[in-house]
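Peer 1: Could you look at this predicted model? Sequence included:
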Amino acid sequence: MTEMDPAVGAPVAEPALAEHHAASRRNPDAQQVLSVENLRMYFPVKTSGIIRRTVGHVQAVDGVSFQVPAGGSLGLVGESGCGKSTTGRLITRLLRPTGGRIDFDGRDIAQLSQRELLPLRREIQMIFQDPATSLNPRHTVGAIVGAPLQIHKVLPKDKIIPRVQELLEIVGLNPEHYNRYPHEFSGGQRQRIGIARALTLQPKLLVADEPVSALDVSIQAQVINLLQDVQNEFGIGFLFIAHDLAVVRHFCPEVAVMYLGKIVEIADRETLYLRPHHPYTQALLSAVPDVKQAAIGGRRERIRLEGDVPSPILPPSGCRFRTRCAIAQEICAKVEPPLLQIAPRHKVACHFAGELGHAPKEPVTMKVCGVDAHGAPVPGEVPDVQLNEPGFSDRWMDLKTGQLTGA
Ligand SMILES: Nc1ncnc2c1ncn2[C@@H]1O[C@H](COP(=O)(O)OP(=O)(O)OP(=O)(O)O)[C@@H](O)[C@H]1O
Ligand code: SF4
Ligand SMILES: [Mg+2]
């Protein structure tokens, strides 16, 4: 089936801030092109038959918060089915969220109607995983790449072909090939066509949903380099979705790890790859050959994840990772761990957050959750409700002292 084309057009974002990753909600100097807060998508599960009753919900995305700096990039990583594509589709508003905010360029677009979204579609574009299915096989490359220009009446008709040729050149394709069909191109070239289409209207934000995972390894690096070049040249903010930590490592200064609809860890690249504090991130990193040594404390063996990913229709109580976690304790089944900030640019959702082999004996989350070490509520302690804010605060919890500290 051909993917819906969210394509559309707009003025170019200022090509600044590519290296500026101080995405703090409370820092007025930081600029985010996207700020997502408590985003939720519950797909109804219905019975078959004439009267289709809702019997449950797939909690595909459940309380996700993060930010993408203008001209910067955030990586979103996790196993199959954890909700990455759904998050991408919510942000590009191919789906309407069940709840939460999607602040794009300072405006909440979460519940806008299709008509209200039309001008915004120019500014938020998506690159899909499989270039073979996301390009209409009956249309020429010129028609595919030029369609957004026509739909949004950005250019007069006679200027469209020259612009398409210019875009094909930018993505490394022969501009003379605009009248060829997608099947006449290789997989890597087809993804370049998808990138050209996404660039047509000079978006401020690009959601790249596993843009290289359908390509040969030898071609992946070329396409990633191309994405990096266009980001630098046009100052586009990127949400880069991948199931593999190795892929986002070179592209994203900041990376969020998702598990069963939730973000479990988010940090700057150096911290996440060298000192992951969540058992799930540690397990994922142990499978990445070039970072294995640092991430698993110099040990050589791979951390095996036992069991299957649970169903998002009936996720485990408390911490969703607990059914596969080697260090789970009583509290993990009772209390959901909040995404707690533990360093200037590091958040983690684990009661026993710590470097591999150095998990604390007592839960680090007791005070913020208002519970004791077994997860029972402590009278008089009030849980901190501010914990699901996007971005980083200038105050965080020092895991060594258990105290709030700051810059
Ligand atoms: N339209 C839908 N209706 C019902 N359930 C859906 C729908 N779209 C996605 N889901 C479910 O939501 C969950 C998350 O799916 P999603 O496609 O976002 O995962 P993903 O992380 O992108 O996985 P993958 O790596 O395989 O692409 C899955 O359990 C999936 O079956
Ligand atoms: S909260 Fe508990 S179950 Fe979840 S990752 Fe941490 S230790 Fe494991
Ligand atoms: Mg997906």
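Peer 2: Now that the structure is in, tell me what you want to look at. Residues are numbered from 1 along each chain as shown. Ligands and ions are numbered 1, 2, ... in the order given.
Peer 1: my read: residue 220 touches residue 210, true?
Peer 2: No - here residue 220 does not reach residue 210: they are 10.8 Å apart, not a contact under CB atoms under 8 Å. (Each C-beta comes from the backbone N, C-alpha and C, glycine too.)
Peer 1: so where do the strands sit in the chain?
Peer 2: 32-46, 54-69, 73-77, 99-104, 107-108, 124-127, 205-209, 237-242, 254-259, 262-268, 340-343, 346-348, 395-398, 403-406 (DSSP state E).
Peer 1: Quick one: mean pLDDT for the fifth one?
Peer 2: Spelled out, that is strand 107-108. Strand 107-108 shows a mean pLDDT of 96.
Peer 1: Give me the sheet partners of it and which way each runs.
Peer 2: strand 99-104 (antiparallel) (DSSP bridges).
Peer 1: Determine how far the strand it pairs with lies from the middle of the whole chain.
Peer 2: 14 Å (CA atoms, centre = their mean, to the nearest Å).
Peer 1: and the residue of the stretch 101-250 of the chain found nearest ligand 1, what pLDDT?
Peer 2: Nearest to ligand 1, among the residues of the stretch 101-250 of the chain, is residue 243, at 4.8 Å (CB to the nearest ligand atom). With respect to pLDDT, residue 243 has a value of 88.
Peer 1: Let me know how buried it is, in neighbour terms.
Peer 2: 19 (other CB atoms under 10 Å).
Peer 1: Got the domain ranges for this protein?
Peer 2: 32-255, 260-406 (automatic domain parsing).
Peer 1: and the ones you listed, which one is worst for confidence?
Peer 2: Minimum mean pLDDT among those: domain 260-406, a mean of 89.
Peer 1: First-to-last residue distance for that one?
Peer 2: 31 Å (CA to CA, to the nearest Å).
Peer 1: Numbering from 16 from now on, please.
Peer 2: In the new numbering, first residue 16, that becomes domain 275-421.
Peer 1: sorry, back to before: so the residue of the stretch 116-265 of the chain closest to ligand 1 makes contact with residue 92?
Peer 2: Yes - the criterion here is CB under 8 Å, and residue 258 meets it with residue 92 at 6.7 Å.
Peer 1: Now the common contact residues for those two.
Peer 2: Common contacts of residue 258 and residue 92 (CB atoms under 8 Å, 6 or more residues apart in numbering): residue 99.
Peer 1: Could you give me the buried positions within the biggest helix by length in the chain?
Peer 2: Across the chain, the longest stretch assigned as helix under DSSP state H is helix 232-249. Buried residues in helix 232-249, defined by neighbour count with 16 or more other CB atoms under 10 Å: 234-235, 237-239, 241-242, 245-246, 249.
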